[in-house]
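Novice: Turn this into a model:
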Amino acid sequence: SGKITEKFYRPSIVLSENGEISKASARSISGFNIIEAIKETGLILEGGGHPMAAGFSIETTKISEFRLKINKLAEKTLTEEVLERKLKIDLEINFTEIDTELVEVLKKFEPVGQGNYSPIFASKNVKIIESKTVGSDGKHLKLKLEQDGIKFDAIWFGATTKFDINSIVDAAYAVEENVWNSKTSIQLKIKDIHPKGN
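Specialist: Sure, this is the predicted structure:
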């Protein structure tokens, strides 16, 4: 359910039907307390978690009733504002601050994933000096970015925007180590890019 929530930015519950008792895993987004909503249905046998993630068991015969109740509860809370994907920036930095020392510090946060996301940085007035689509479906962007004469390769998975060379942008990204052909380099994993003036 974590992958579903990450992809669609919607609370999700995945149920595994197994005889009389079914088990479920749930993930949420900021602004919707998933464990509170699950308990409010009054239909689960047992469960626990926190506002962003939960697990529970339920009688298989009550799944349809549960689906109706949880969706009704969600309709009250999931306004357009709550459903708008928000990107949390941990720190604004300049490219001069990105080095192997920073990468080593970031490795201490691993493993990263649902509930323990990679720190997100932002840099302003970044120049796009290379841009090309990659991947079998051309849905990803490979970029080279420059700020104050310092350049980094960057990848933006599922990019929906194309950019002109020499565009000046603000970029949000995670910093990661990239190993290719036995060479190690620093790569920026883009989360969002805003052209200046937008």
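Novice: where along this protein do the strands fall?
Specialist: For the chain, the strands defined by DSSP state E cover 12-16, 21-27, 44-50, 53-59, 91-92, 121-134, 140-147, 150-156, 168-180, 183-195.
Novice: Let me have those in TSV, extended by mean neighbour count, mean pLDDT and distance to Glu6.
Specialist: (Each C-beta comes from the backbone N, C-alpha and C, glycine too.) Listed next are the strands of the chain as TSV, based on neighbours: other Cβ atoms under 10 Å; pLDDT from 0 to 100; distance: least, Cβ to Cβ, whole Å:
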stretch	mean neighbour count	mean pLDDT	distance to Glu6
strand 12-16	16	93	9
strand 21-27	18	94	8
strand 44-50	14	92	17
strand 53-59	19	94	12
strand 91-92	10	93	22
strand 121-134	16	94	19
strand 140-147	19	94	16
strand 150-156	18	95	16
strand 168-180	17	91	14
strand 183-195	16	91	12
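Novice: of all these, which lies closest to Arg67?
Specialist: Closest of the strands of the chain to Arg67 is strand 12-16, at 8.6 Å (criterion: Cβ to Cβ).
Novice: Need the strands of the chain in a markdown table (columns: distance to Ile38).
Specialist: Compiled in a markdown table, those are given as follows (distance: least, Cβ to Cβ, whole Å):
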| stretch | distance to Ile38 |
| --- | --- |
| strand 12-16 | 8 |
| strand 21-27 | 6 |
| strand 44-50 | 6 |
| strand 53-59 | 6 |
| strand 91-92 | 34 |
| strand 121-134 | 35 |
| strand 140-147 | 36 |
| strand 150-156 | 35 |
| strand 168-180 | 31 |
| strand 183-195 | 29 |
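Novice: what about those strands, which gets the closest to Lys72?
Specialist: The closest of these to Lys72 is strand 12-16. By Cβ to Cβ, the value is 14.0 Å.
Novice: who does the closest one touch, helix- and strand-wise?
Specialist: Other helices and strands packing on strand 12-16, by 3 or more Cβ pairs under 8 Å, 6 or more residues apart in numbering; DSSP states H and E, are helix 2-8, strand 21-27.
Novice: tell me what the last one is packed against?
Specialist: Using 3+ Cβ pairs under 8 Å, 6+ apart as the contact criterion, the secondary-structure elements in contact with strand 21-27 are helix 2-8, strand 12-16, helix 34-40, strand 53-59.
Novice: Go again with 10 Å.
Specialist: Strand 21-27 is packed against helix 2-8, strand 12-16, helix 34-40, strand 44-50, strand 53-59, helix 63-77, with contacts defined by 3 or more Cβ pairs under 10 Å, 6 or more residues apart in numbering; DSSP states H and E.
Novice: How about residues contacting it?
Specialist: Identification of contacts with strand 21-27 by Cβ atoms under 10 Å, 6 or more residues apart in numbering yields 1-6, 10-17, 34-35, 37-38, 44-47, 49, 52-63, 66, 70, 114-115.
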